[in-house]
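Asks: no FASTA, just this:
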């Protein structure tokens, strides 16, 4: 089950991101208190609070906002009881969205929960508009994630020193019947 992510989920996201950074899925500097982590989690806080990043283009000095819709995930229908066990945050890009950050509690990995969470995320309106996913190559789950992304129409298109870029070139499959139950995100003003 998915629900929109909000500022109240910051501690959960911080914990999952720090844990995943220790496993190589995110920049290692996010695993502990560092200037980079302080800046990153400050920006994440802003995104969860308002639904947007404020981005400055250094050459021109212009400022623009970038939508950052996201969801938290429960492996069952206990939303509101137990805390969520995973999350997915999207970031607006030129022609849709990037699945920007995703995380799942470590004990649940490799047991089908990641597959279910990705399916739920890609069944949302935002997820159907997702065109790009970048996977850190040092992650222990990189190969498994690449396989799961292929199930949703993503193919690896570019390798960099740190990441593999996956792009969805074909239209996404139609949402599954009885797909993810999602509470629509609240508009941010």
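Replies: Yep, it's here. Everything quoted here is computed from the prediction, not taken from an experiment. Numbering: from 1, shown residues only.
Asks: how about the strands in the chain?
Replies: Ranges of strands within the chain are 2-4, 52-56, 63-67, 70-73, 86-93, 96-104, 130-136, 154-159, 163-168, based on DSSP state E.
Asks: now the third one and strand 52-56, what's the angle there?
Replies: Between the axis of strand 63-67 and that of strand 52-56 there is an angle of 150 degrees, by axes from the mean of the first three to the mean of the last three C-alpha atoms, to 10 degrees.
Asks: quick one: buried residues of strand 63-67?
Replies: residue 67 (16 or more other C-beta atoms under 10 Å). Where C-beta positions appear, they are placed from N, C-alpha and C, glycine not excepted.
Asks: number the chain from 839, please
Replies: From this message on, residue numbering opens at 839, which makes the last subject strand 901-905.
Asks: tell me what it is packed against?
Replies: The contact analysis (3 or more C-beta pairs under 8 Å, 6 or more residues apart in numbering; DSSP states H and E) places strand 901-905 against strand 890-894, strand 924-931.
Asks: where in the chain is pLDDT low?
Replies: 915-919, 1008-1027 (pLDDT under 70).
Asks: who's sitting farthest from the centroid in it?
Replies: Here the centre of the chain is the reference, and by C-alpha atoms, centre = their mean the most remote residue is residue 898, at 28.9 Å.
Asks: still on that earlier bit, relative to residue 884, which of the strands of the chain is closest?
Replies: For these, the distance to residue 884 is smallest for strand 890-894, at 6.7 Å, taking C-beta to C-beta.
Asks: pairing partners for that closest one, with directions?
Replies: Here strand 890-894 has these sheet partners by DSSP bridges: strand 901-905 (antiparallel).
Asks: could I get the strands of the chain as JSON lines with distance to residue 949?
Replies: Converted to JSON lines, the strands of the chain look like this (distance: least, C-beta to C-beta, whole Å):
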{"stretch": "strand 840-842", "distance to residue 949": "18"}
{"stretch": "strand 890-894", "distance to residue 949": "33"}
{"stretch": "strand 901-905", "distance to residue 949": "32"}
{"stretch": "strand 908-911", "distance to residue 949": "14"}
{"stretch": "strand 924-931", "distance to residue 949": "12"}
{"stretch": "strand 934-942", "distance to residue 949": "10"}
{"stretch": "strand 968-974", "distance to residue 949": "20"}
{"stretch": "strand 992-997", "distance to residue 949": "22"}
{"stretch": "strand 1001-1006", "distance to residue 949": "23"}
